[in-house]
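A.B. asks: okay, structure incoming, though there's no sequence with it:
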């Protein structure tokens, strides 16, 4: 299954996820990534899935479901998919299309051109300092920091849809005032409809990763606001209903491969779907999923 949900999104309402990249092929290996370790670190684009297969799954899922957005939010970086432009245009037949990208390939003209067809684009900007970028986002060795930043600027000038940025704050890495001021200054100079400050609220790739203190979080919000940015602080988990589809096991695995779920949400979903609790135990015992505790909250996530 390459399509999952719809799942509740703090930014997009009900989001039908499209997983167009195999686990985990990415240009970054972010310390806070909820999907885990990057297996193939690359900036080379290639085709992974036939676009008509993705379209078929989306069409079938939306026959009995409603989604505010069809969102490309895969196991890796969505712009590594050479078919992304074709897929975006196919999905637009069924609703609004969103893409959540780390922005690392926006220096490429073909990537910028393909993304222009989407209705909503989110770009990650965790820092505008090269050393901090290497520490928090762990980019592919051949990526140029200056090309990445220039690509983001170019795309913001060309794109006519809703452009947002996301800045993930990690304690002790990018939460100092100097970094935050430089990030806010950079975002101020590009055309965004919203800029989100996010926190690592789900189990991260690196165990030491945690959100900054409440004082630092509030300070970050104040700094962004002082630059007249349309800032939104996402310091709360998503709320709403998860949808699985026909096959519970396959549907749950497709969500957990991209989106770790709180234990309470999994139990709630199983109760609503009238699923035998032994199915969850079977998935655990077979090594397909695992339960982990992060900051006092139990999560289920896909185990690879």
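C.D. replies: Ah, there it is. Note that this is a predicted model, so its numbers are computed, not measured. Numbers count the residues shown, from 1 in each chain.

A.B. asks: give me the contact list for the lowest-mean-pLDDT helix or strand in the chain.
C.D. replies: When each helix and strand of the chain is scored by mean pLDDT, DSSP states H and E, helix 248-256 comes last, with a mean of 83. Residues from elsewhere that reach helix 248-256, judged by CB atoms under 8 Å, 6 or more residues apart in numbering: 1-5, 7, 17, 19, 242, 244-245, 261, 266, 269-270, 273, 275, 279, 283, 288-289, 300-302. C-beta coordinates here come from the backbone N, C-alpha and C atoms, glycine included.

A.B. asks: distance check, residue 115 against residue 87.
C.D. replies: Going from residue 115 to residue 87 by CB to CB, to the nearest Å gives 12 Å.

A.B. asks: kindly report the same for residue 244.
C.D. replies: Distance of residue 244 to residue 87, computed by CB to CB: 23 Å.

A.B. asks: cool, residue 214 as well?
C.D. replies: 41 Å.

A.B. asks: more neighbours: these two, which one.
C.D. replies: Between residue 214 and residue 87, residue 87 has the larger neighbour count (other CB atoms under 10 Å), namely 27 against 9.

A.B. asks: let's verify the more buried one: helix, strand, or coil?
C.D. replies: With DSSP: H, G, I helix; E, B strand; the rest coil as the basis, residue 87 sits in helix.

A.B. asks: ok, now which ones touch it?
C.D. replies: 18, 20, 51, 54, 55, 72, 81 are the contacts of residue 87 under CB under 8 Å, 6+ apart.

A.B. asks: most surrounded residue in these?
C.D. replies: Greatest neighbour count in the contacts of residue 87, by other CB under 10 Å, goes to residue 18: 30 neighbours.

A.B. asks: is that one in contact with residue 69, as I believe?
C.D. replies: No - applying CB atoms under 8 Å as the test, residue 18 and residue 69 come out as separate, 10.2 Å apart.

A.B. asks: can you give me the helices for the protein?
C.D. replies: Along the chain, the segments classed as helices by DSSP state H run 51-61, 84-91, 109-115, 130-136, 145-158, 177-188, 214-226, 248-256, 263-273, 278-285.
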